[in-house]
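Asker: Structure of the sequence below:
(one chain, ligands or ions: 1)
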Amino acid sequence: MARQRKVDVVTVGAGWTAAILAWHLTKAGHSVVSLEQGPARFATPDFEHNHDSLRYSIRKAMMVDLTKETWSWRPNPRAPSLPIRQFGSFHPGNGIGGAGIHWAAQTWRFYPSDMRYRSHHVERYGADRIPEGSTIQDWPLTYEELEPYYTRMEYDIGISGQAGNINGELLPGGNPYEGARSAPYPLPPLVRSQGADMFAEATAGLGYNPFPQPAAILSQAYRGVSGKERSGCLLCGFCTRFGCEVDAKASAVTDHIPAALQTGMYEIRTESKVHRVNTGPDGLATGVTYTDTLTGEVHEQPADVVILSAFPLSNVKLMLLSRSSEHPNGVGNDREKVGKNYSYQLNLGPVTGIFEGRRFRSYTGNSCMQNVIHDFNADNFDHSDLDFIGGASITAGGGENAPVVSALSLPALDQAQFGSGGDSDGNGNSGTRKRPPVAGEVGSLAGQGSEWGQAWKENLRRNWDGILGIGIQGESLPYEDQFMDLDPTYKDAWGDPILRITFDFHENDRRLYRYMAQRCLEIMREMNPSRLVVTEELSPYNVHSYQSTHNTGGAIMGADPGDSVTNKYGQVWDTPNVFVTGATLYPQNPGMNPTGPLLALAYMTGDALTTRYFRNPRELLV
Ligand SMILES: Cc1cc2nc3c(=O)[nH]c(=O)nc-3n(C[C@H](O)[C@H](O)[C@H](O)COP(=O)(O)OP(=O)(O)OC[C@H]3O[C@@H](n4cnc5c(N)ncnc54)[C@H](O)[C@@H]3O)c2cc1C
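Answerer: Predicted structure coming up:
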């Protein structure tokens, strides 16, 4: 095994959170190497003229190579697991920038109550309203503590949006429920699509509070932390699953990686697959072991600090694989909490409207051109008489190139139609679409139901761009029977067990979905479509249709080592020179995309590492 020169910090992966930490650490004078399993792909030159839907949308060029690494899934602990051989439910990234290159860039702050989730619900509704078997818990920090990091992050990468609450003052046009901000967004919201405007009019008419989707896509030219001027969005339509060719969509390669490289203290080694965190006799980490996948050579990378910034699925796998006599169950797993609190989301399109003769041009733009309501998200509405807890964002009007692509892959046209604006992850799919529509409102989408041949073609010709979906992004709670562990049967290309996911929707999800589908139906009726299709009930979870890459949990943060893996800085309780980043830390998953808060958390950890940790290395931060 070749031994590399020791560095201060090694990060596993060179994705979104790794880049933020590398930038904090290198500008403070620490040497950092990022080991990235995927290829080098460096910012705009590589993404120019990338309008290749087949390569990126269909063949998933930016995602993990499933012939080498995959995950297995089973719906419950009694069922057998099977490896996922084709991309479906989620799309983790591969290569410099990680999933944060091909993301949709919808960028939120979670609610103050999301961070006091258990306490909030117990105080307002009583402990007996928490679903049986659910392991929800509070974050170990408050919204107020994270707020300055949100603001820095938003200004460093350039977020476009309309603030709803600045220092307690409510502002028209923003989200009236959001936690107080100390500053407005640095940029105005992106332009809205026709569908977004129709949704805003309908929801305002019903007494709700529509607002524009906050986005890490520039509405105007902007300079972020790298100092380079980035262009405003050109609405090209090749956004989610593509790298941005004009740098309008923020990612690790637009700002933080170039800024870290400018320090001369940063190195990224691509095609480097990390397998283990190595530990010494004192139980602390000494570095990592990885394979150079181009040569097959195995290397040891010694480091004072190891940062697991490899996306939740890989972070958990690495922790479980890092067994030693000091940590027989893996790093971070002395109390057997690694893999627990896996959560997902209800990222679905319950209602689709067909507006005969309309041309929405939904093949242009980006998913962030949508409008949103949060009147039914979180605990923004009274749950006293409801049979579930939690809520969902409701959205419509995002654009993407999906309709054109999917129209080519006949007969699966229904994917494109649900994707014309109904889904909050910039995607066109729903695990629910096979359910029958409501009697009396049976609309036929081309490619669905009993319509075939000439009739289907006619329908497609007339309506392919006249379809508007309403989507939800619903909260997902953790449960005792929902977790990640190592698969006892299947192995990856390097002989290690693959990660096994045990997950299915629970009764709270079904009830939440049923309620939200009715809200979407009311809104769609207000929009007056020629026909509509509604899916009233939630189907069981499936791995074959895309829902969201919002896999969360597995090494959650907490105030107490007895019920968490890390403290609020992502510092592992039982191995304090190992840090974990990203949605791996979330105890449960709110009804919004996860990346805004995990970027802010990376800022907070970066500050703690540079200003405090290295003064007292290996001690737990308080
Ligand atoms: C299609 C899509 C749309 C999305 N849209 C949104 C959105 O609109 N809003 C939002 O908030 N979030 C969105 N997300 C999620 C967002 O991309 C992630 O939350 C974010 O990228 C997570 O950052 P990270 O640093 O944790 O992981 P990543 O950015 O994914 O970085 C992890 C890196 O680690 C590398 N890696 C993994 N394992 C190893 C290993 N063993 N050895 C070496 N390297 C390894 C990976 O190759 C990757 O580069 C979307 C994701 C996808 C896929």
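
Asker: Phi and psi next, for the nearest residue to residue 68 once chain neighbours are set aside.
Answerer: Excluding its sequence neighbours, the residue lying closest to residue 68 (Cβ to Cβ, 6 or more residues apart in numbering) is residue 493, at 4.0 Å. The way it works is simple: take the backbone N, C-alpha and C, and place the C-beta from them, glycine included. Per-residue torsions, residue 493: phi -70, psi -10 (degrees, to the nearest 10).

Asker: Next, count neighbours for residue 493.
Answerer: 14 (other Cβ atoms under 10 Å).

Asker: which residues touch it?
Answerer: 67, 68, 69 (Cβ atoms under 8 Å, 6 or more residues apart in numbering).

Asker: State the distance from the second one to the ligand.
Answerer: Going back to what we said before, that points to residue 68. Applying Cβ to the nearest ligand atom, to the nearest Å, the value for residue 68 to the ligand is 11 Å.

Asker: Pull out the buried residues from the contacts of residue 493.
Answerer: Buried by 16 or more other Cβ atoms under 10 Å: residue 69, out of these.

Asker: from the contacts of residue 493, which ones fall inside helices?
Answerer: Per DSSP state H, helices hold no members of the contacts of residue 493.

Asker: tell me what the helix or strand harbouring residue 306 is packed against?
Answerer: Assessed by DSSP states H and E, residue 306 sits inside strand 298-308. Applying 3 or more Cβ pairs under 8 Å, 6 or more residues apart in numbering; DSSP states H and E, one finds that strand 298-308 contacts strand 2-3, strand 7-12, strand 32-35, strand 272-279, strand 285-292, helix 312-321, strand 578-580.

Asker: For the spatially closest residue to residue 339 that is not a sequence neighbour, which three-state class applies?
Answerer: Leaving aside its chain neighbours, residue 339 sits nearest to residue 484 (4.2 Å; criterion: Cβ to Cβ, 6+ apart). Under DSSP: H, G, I helix; E, B strand; the rest coil, residue 484 falls in the strand class.

Asker: for residue 484, what are its contacts?
Answerer: 313, 316, 317, 339, 342, 499, 500, 501, 502, 554.

Asker: Sketch out the low-pLDDT regions of this protein for me.
Answerer: Along the chain, segments meeting pLDDT under 70 span 42-45, 401-451.

Asker: Quickly list the domain ranges of it.
Answerer: 1-101+108-158+252-345+478-504+544-617, 189-216+231-242+347-474+506-540 (automatic domain parsing).

Asker: Could you count how many residues lie near residue 488?
Answerer: By other Cβ under 10 Å, neighbour count at residue 488 equals 9.

Asker: ok, and the closest non-adjacent residue to it?
Answerer: The nearest residue in space to residue 488 (Cβ to Cβ, 6+ apart) is residue 497, at 7.1 Å.

Asker: Pretty sure that neighbour sits against residue 486.
Answerer: Yes - using Cβ atoms under 8 Å, residue 497 makes contact with residue 486 at a distance of 4.0 Å.

Asker: intersection of neighbour lists for these two?
Answerer: Common neighbours of residue 497 and residue 486 (Cβ under 8 Å, 6+ apart) are residue 321.

Asker: need the residues of the stretch 201-350 of the chain near the ligand, please.
Answerer: For the stretch 201-350 of the chain, the residues in contact with the ligand (Cβ under 6 Å from any ligand atom) are 240, 241, 273, 274, 309, 310, 311, 314.

Asker: Could you identify the pair within these that is furthest apart?
Answerer: 240 and 274 (27.2 Å; Cβ to Cβ).

Asker: still on that earlier bit, contacting residues for the residue nearest to residue 488?
Answerer: 321, 486, 487, 488, 490, 491.

Asker: Residue 12: which of those is nearest?
Answerer: Nearest to residue 12 among the contacts of residue 497, with distances taken as Cβ to Cβ, is residue 321, at 11.7 Å.

Asker: Could you check how far the residue positioned nearest the centre of the chain is from residue 458?
Answerer: Nearest to the mean C-alpha position of the chain, counting by Cα atoms, centre = their mean, stands residue 550 at 3.6 Å. Distance of residue 550 to residue 458, given as Cβ to Cβ, to the nearest Å: 38 Å.
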